[in-house]
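Colleague: Build me a model:
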Amino acid sequence: MAEARGARDGGGRHEVVITGLAAIAGTGWDLAALGERTAVGDSAFVPVTRFDAGRYRTDLAAQLPGDPVLADELVSMIGTACAQAGLDPVRRSASPLLVAVHGDPAVARLPEDERTGPGAIAESLAERTGLGPAPRAYMTACVAASTAVADAATLISHGRVERVVIAAGYLVEQDNFALFDAGRSLAPDGRVRPFSTGRQGMLLGDGVAAAVLESATAAAERGATALARIAGWGRAGDAYHITQPDPDGGGMTRAITAALRKAGRAPADIGYVNAHGTGTAQSDAAEAVALHRALGEHARRVPVSSSKSVHGHTLQAGGLLELAVTVHALRTGRLPVNAGYSGPDDKLGLNLVLDRPMEREVDHALSVNAAFGGANTALVVARA
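Modeller: Purely as a prediction, here's the structure:
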């Protein structure tokens with residue numbers, strides 16, 4: 001693959017821009033619907049129709065209508081993002097694919113000689129979309145997509161490739177619905193209330209997204225429009241508990257600090273935080289601690305919201321879907337509402353966006369994610 005040339009940041013790395021971005025969720029069939037509904041806090045939760053959810057604590061999820069097929073929707077989103085980026089077949093064939101997906105539960109029930117692994121999913125998608133060699137699959141729970149973004153940015157910033165296509169998807173299915181219900185993680189009142197008093201849990205949602213990341217120089221040389229920049233990224237682990245977050249927020253603190261350092265930014269430069277914000281008591285509390293530790297006094301001032309309050313938790317797709325929400329907020333100057341709010345939890349000390357979108361031009365935003373097993377990611381996203 002051709003080495004990226006030209007524009008570099010202060011650390012000598014190639015700058016990384018987003019030139020194509022597409023997403024669908026329970027909010028609707030395009031990125032515009034996702035951006036608008038998250039901006040105004042219009043939650044997308046409806047009764048589940050794909051299976052009988054009557055036995056569970058709730059029967060709600062942010063579900064697209066009908067019975068979409070994940071592979072087909074991923075192909076569609078990849079095509080839309082590549083078209084927006086203006087990639088011709090030659091450039092597509094030189095662009096590696098990184099895909100974050102939830103494994104098909106039906107595969108585990110097949111005879112062993114008929115099972116296919118995540119690599120087969122990535123290879124099939126690359127073949128169907130005309131993308132390049134050695135595709136990778138990420139299945140690292142709720143940081144799968146954001147980890148793929150960080151890996152893509154690393155490859156591009158070090159000049160190993162000019163561009164990478166990332167795709168991520170999850171469609172609500174009964175196995176995970178039952179799993180989270182058994183763990184008493186689903187909100188029985190049918191509302192996701194991140195960082196709010198009375199929060200009772202999360203709800204699942206459909207989400208499929210794709211993005212084209214490339215070096216700023218490569219984009220400029222072919223006249224592509226940069227939608228935003230990936231200015232910094234960080235990853236860190238807690239090794240605290242298989243499902244419970246570290247109450248001291250250690251891993252997320254380190255991930256945010258690393259992302260800020262890579263971006264060359266101080267905490268005060270962050271104008272918005274798209275939080276992980278699942279709406280569960282322990283996770284939200286640990287995340288708030290991490291934001292205070294990483295951002296200092298600025299954590300009490302910076303606007304914060306969780307778009308999961310609208311589109312639900314999309315598991316492996318969450319990091320990319322929420323990156324799309326963050327980019328939309330930067331480009332429109334409308335910071336999304338933290339929906340489902342039922343009153344302050346004074347122990348958290350965050351400046352939540354409430355009632356209506358906050359109209360504000362922001363140069364740098366932070367998008368954070370966490371996963372079972374103690375994995376944490378942070379992305380610093382900048383206006384192009």
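Colleague: hey, which helix or strand in the protein has the poorest pLDDT?
Modeller: helix 118-129 (a mean of 89; mean pLDDT, DSSP states H and E).
Colleague: which helices and strands does the helix or strand that that helix is followed by pack with?
Modeller: Next helix or strand after helix 118-129 toward the C-terminus (DSSP states H and E): strand 136-138. Secondary-structure packing of strand 136-138 (3 or more C-beta pairs under 8 Å, 6 or more residues apart in numbering; DSSP states H and E): strand 97-101, helix 118-129, helix 144-157. Every C-beta, even on glycine, is put in place using the N, C-alpha and C of the backbone.
Colleague: Need the contact partners of the least confident helix or strand of the chain.
Modeller: Outside helix 118-129, the residues within contact range by C-beta atoms under 8 Å, 6 or more residues apart in numbering are 71, 74-75, 78-79, 82, 92, 97-99, 101, 103, 131-132, 135-139, 165, 167.
Colleague: same check, this time on stretch 43-58
Modeller: Defining contact as C-beta under 8 Å, 6+ apart, one finds that stretch 43-58 is touched by 25-28, 37, 59-63, 67, 172-174, 177-178, 181, 184, 186-192, 203, 205, 309-312, 339-340.
Colleague: Sitting in helices, which of those residues do you find?
Modeller: Those of those mapping onto helices are 37, 174, 177-178, 181, 309-311, per DSSP state H.
Colleague: Out of those residues, which two sit at the greatest distance?
Modeller: Distance extremes for the ones in helices among the contacts of stretch 43-58: the farthest pair is 37 and 178 at 27.2 Å, using C-beta to C-beta.
Colleague: out of these two, which sits in the busier spot?
Modeller: Between residue 37 and residue 178, residue 37 has the larger neighbour count (other C-beta atoms under 10 Å), namely 24 against 15.
Colleague: So that one is in contact with residue 312, correct?
Modeller: No - using C-beta atoms under 8 Å, residue 37 is not in contact with residue 312; the gap is 11.7 Å.
Colleague: correct me, but residue 335 touches residue 304?
Modeller: No - counting by C-beta under 8 Å, residue 335 sits too far from residue 304 to count as a contact (9.1 Å).
Colleague: what secondary structure does residue 42 sit in?
Modeller: Classification of residue 42 using DSSP: H, G, I helix; E, B strand; the rest coil returns coil.
Colleague: does it really touch residue 307, like I thought?
Modeller: No - look at residue 42 against residue 307 with C-beta under 8 Å: they stay out of range, at 11.3 Å.
Colleague: Neighbour count for those two, which is higher?
Modeller: residue 307 (35 against 13).
Colleague: need the contact list for that one.
Modeller: By C-beta under 8 Å, 6+ apart, the residues touching residue 307 are 38, 274, 321-322, 325, 336.
Colleague: which ones among those residues are found in helices?
Modeller: Checked against DSSP H, the contacts of residue 307 include these in helices: 38, 321-322, 325.
Colleague: Which one (most neighbours) among those residues?
Modeller: residue 38 (34 neighbours).
Colleague: My guess is that one contacts residue 336. True?
Modeller: Yes - contact criterion C-beta under 8 Å: residue 38 and residue 336 qualify, at 4.4 Å.
Colleague: tell me, what's touching the two both at once?
Modeller: 307, 310, 325.
Colleague: Please name the nearest non-neighbouring residue to the last one.
Modeller: The one in question is residue 325. residue 307 (4.5 Å; C-beta to C-beta, 6 or more residues apart in numbering).
Colleague: can you pull the pLDDT of that neighbour?
Modeller: Listed pLDDT for residue 307 reads 98.
Colleague: quick one: the residue nearest to residue 142 when sequence neighbours are not counted and residue 93, what's the gap?
Modeller: With C-beta to C-beta, 6+ apart as the criterion, residue 142 has its nearest non-adjacent residue at 4.0 Å, and that residue is residue 371. As judged by C-beta to C-beta, to the nearest Å, residue 371 and residue 93 stand 32 Å apart.
Colleague: Compare these two and say which is more crowded by neighbours.
Modeller: Comparing residue 371 with residue 93 by other C-beta under 10 Å, the one with more neighbours is residue 371, at 24 against 13.
Colleague: The more buried one bridge partners, please.
Modeller: Per DSSP bridges, the residues bridged to residue 371 are residue 375.
Colleague: Quick check: it touching residue 141?
Modeller: Yes - contact criterion C-beta under 8 Å: residue 371 and residue 141 qualify, at 3.8 Å.
Colleague: Quick check: which ranges of the stretch 201-350 of the chain have low pLDDT?
Modeller: Scanning the stretch 201-350 of the chain for pLDDT under 70 picks out nothing.
Colleague: Helices of that one, residue ranges please.
Modeller: Assigned helices in the stretch 201-350 of the chain, in chain order: 216-221, 250-263, 281-295, 308-311, 318-332 (criterion: DSSP state H, counting those that start in this stretch).
Colleague: nearest spatial neighbour of the most centrally placed residue in the chain, skipping sequence neighbours?
Modeller: Nearest to the centroid of the C-alpha atoms of the chain, with distances taken as C-alpha atoms, centre = their mean, sits residue 319, at 1.6 Å. Closest residue to residue 319 apart from its sequence neighbours, by C-beta to C-beta, 6+ apart: residue 146 at 2.9 Å.
Colleague: do residue 291 as well
Modeller: Looking at residue 291 with C-beta to C-beta, 6+ apart, the closest residue is residue 299, at 4.6 Å.
Colleague: give the contact list for that neighbour.
Modeller: Contacts of residue 299 by C-beta under 8 Å, 6+ apart are 267, 288, 291-292, 349-350.
Colleague: And it, how far from residue 377?
Modeller: Distance, residue 299 to residue 377, by C-beta to C-beta: 18 Å.
Colleague: try residue 201
Modeller: The spacing between residue 201 and residue 377, counted by C-beta to C-beta, is 22 Å.
Colleague: where's the closest residue to residue 62 other than its chain neighbours relative to residue 243, distance?
Modeller: Using C-beta to C-beta, 6+ apart and skipping the chain neighbours, the partner closest in space to residue 62 is residue 26 (2.9 Å). Distance, residue 26 to residue 243, using C-beta to C-beta: 25 Å.
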